[in-house]
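[1] Give the three-dimensional model of this entry:
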Amino acid sequence: MLLRSRSRLVAALALMACLWGLVGTTRAQTGKKPVTKSIDFKTYDGATLIGTFYPNPSGKKDATVILLHDPDLKRGGSSQQEGWADLAAALQADGYAVLMFDYRGFGESKTVTPDTFFDKHPHNRTLIRGGARKPTQISYKDFTPRYIPYLVNDIAAAKAYLDRQNDQKQCNTSSVILIGAGESAALGTLWMANEARRCKNKNTTPVNPLFPPAPVLAEPESKDLAAGIWLSASSRAGSASVPVRTFAKDLGRDQNVPMVFIYGDGDKQSATIAQNLAGPPRGAKDTSFPRSVPIKGSSSAGHRLLGRDEECEKVILATLRGIMEKRGSKEWVERKVETSQYWYTTAPRTSVPSRINKPNTEYVPGVTLGLFLQGY
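    Here you go, the predicted structure:
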């Protein structure tokens, strides 16, 4: 009798252990193992960024997501923080291609090419401690707060990488979604505002240095922006105040780009910021944007909102399904980003060219911060 009772106890404990293991691996077993590849790509000013690409098995269909970790000067940050890989896998299973990467100086993205990274760009020499010595490795620990807005160029480089994948039919960049945490909300909306003033030159007349042909601008690149989703958003990028509220409203009004600000309802600071940027949360049937969305019962912030209860992940997936259903499928278009020329317009909603953004001889576009931030 004692042996039988002991056997039952062992069996019960084994069953409990099995069930506990299932709870901890729910995400891994909800679908196929994600298909990924480790990647690296260059910025316009010579930083090498390390990331992971989740290709879309359907190739030219659906949308592409860029995941942006919080570049925190005090605590660091990287794309390998808890929650990002789970979200990327869930997005891929839902039909999206996904790119996540480490900003320069964070995570694995430490390598720079001194002759291009420092020589041509004063911000790299003067706003990174020790930059005058032209190191081959950099760390966020040496960044001054004023340097953080320049990380927007890493997002521009990520989009250029995706445009090259688009041309190889690994994804479709006709619908690009940004999901970011903390100060990536400031950087991400800044980059989106940049796209609203950046247009490809359709005039392919051979260039005569003495009499260059007048540019003929296509639609702004923001036509390919599908949405921005921000977790515990900040309107600061280092020491710079970024007009996130203005960018979000202008992009929604002029470019029909939905913005969603997600926060834990127990995190009072994030709640205040989100509601200041987007207004208080509205009813479930309200489809207007920008919108603030609380994760009930959570006091977590940033990537920690993507915790083990999966509630934030579910909100993101459901929100995107609604947005993409309304947006519809967009036609795949060849990008040829390396050989294309881009111009800035004089202002959003105009087609009047003001200055070159990227010559057709450069590999990756940069961002002219002075067009969007005072003092830059």
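[2] Identify each buried residue in stretch 223-233, please.
    223-233 (16 or more other CB atoms under 10 Å). For every residue, glycine as well, the C-beta is placed using N, CA and C.
[3] ditto for stretch 94-108
    94, 96-108.
[4] just stretch 304-323 next, same as before
    Neighbour-count burial for stretch 304-323, counted by 16+ other CB under 10 Å, picks out 304-307, 310-313, 315-317, 319-320, 323.
[5] what does it rub up against?
    When contacts are defined by CB atoms under 8 Å, 6 or more residues apart in numbering, stretch 304-323 is touched by residues 24, 26-27, 82-84, 86-87, 90-91, 94, 96, 177, 179, 181, 226-227, 229, 231-232, 258, 260, 262-264, 287, 293, 295-296, 298, 300.
[6] what sits up against stretch 347-355?
    By CB under 8 Å, 6+ apart, stretch 347-355 touches 193, 196-197, 199, 215, 217, 220, 250, 254, 343-346, 368.
[7] Just flag the most distant two among the buried residues of stretch 223-233.
    Farthest-apart pair in those is 223 and 232; separation 28.7 Å (CB to CB).
[8] Tell me who's in contact with residue 64.
    In this structure, residue 64 makes contact with 56, 96-99, 162, 166, 171-173, 175-177, judged by CB under 8 Å, 6+ apart.
[9] Pipe the contacts of stretch 347-355 into TSV and attach neighbour count and distance to residue 143 per row.
    Converted to TSV, the contacts of stretch 347-355 look like this (neighbours: other CB atoms under 10 Å; distance: CB to CB, whole Å):
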residue	neighbour count	distance to residue 143
193	25	22
196	22	27
197	22	26
199	25	31
215	17	35
217	19	35
220	23	31
250	18	29
254	13	33
343	21	30
344	20	26
345	19	31
346	11	32
368	16	20
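[10] Confidence-wise, which of those comes last?
    In terms of pLDDT, residue 254 ranks lowest among the contacts of stretch 347-355, with 88.
[11] Contacts only, for that residue.
    Listed by CB under 8 Å, 6+ apart, the contact partners of residue 254 are 196, 348-349.
[12] Dump these to a markdown table, plus secondary structure and distance to residue 126.
    What follows is the contacts of residue 254, written out as a markdown table (DSSP: H, G, I helix; E, B strand; the rest coil; distance: CB to CB, whole Å):
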| residue | secondary structure | distance to residue 126 |
| --- | --- | --- |
| 196 | helix | 29 |
| 348 | coil | 30 |
| 349 | coil | 35 |
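[13] and of the residues you listed, the nearest to residue 67?
    Nearest to residue 67 among these, counting by CB to CB, is residue 196 at 21.6 Å.
[14] Now the closest one: closest residue in space that isn't a chain neighbour?
    Distance criterion CB to CB, 6 or more residues apart in numbering; nearest residue to residue 196, sequence neighbours excluded, is residue 222 at 4.1 Å.
[15] For the one you found, give its distance to residue 255.
    5 Å (CB to CB, to the nearest Å).
[16] Equivalent analysis for residue 194, please.
    To residue 255, residue 194 is 12 Å away according to CB to CB.
[17] Between the two, tell me which one has more neighbours.
    Remark: of residue 194 and residue 255, residue 194 carries more neighbours, 26 against 20, as counted by other CB atoms under 10 Å.
[18] How about the contacts made by the spatially closest residue to the more buried one that is not a sequence neighbour?
    Of all residues not flanking residue 194 in the chain, residue 367 sits nearest, at 5.0 Å (CB to CB, 6+ apart). Neighbouring residues of residue 367 by CB under 8 Å, 6+ apart: 152-153, 156, 190-191, 194.
[19] now, which of those lie within helices?
    Residues of the contacts of residue 367 located in helices (DSSP state H): 152-153, 156, 190-191, 194.
[20] Thank you, goodbye.
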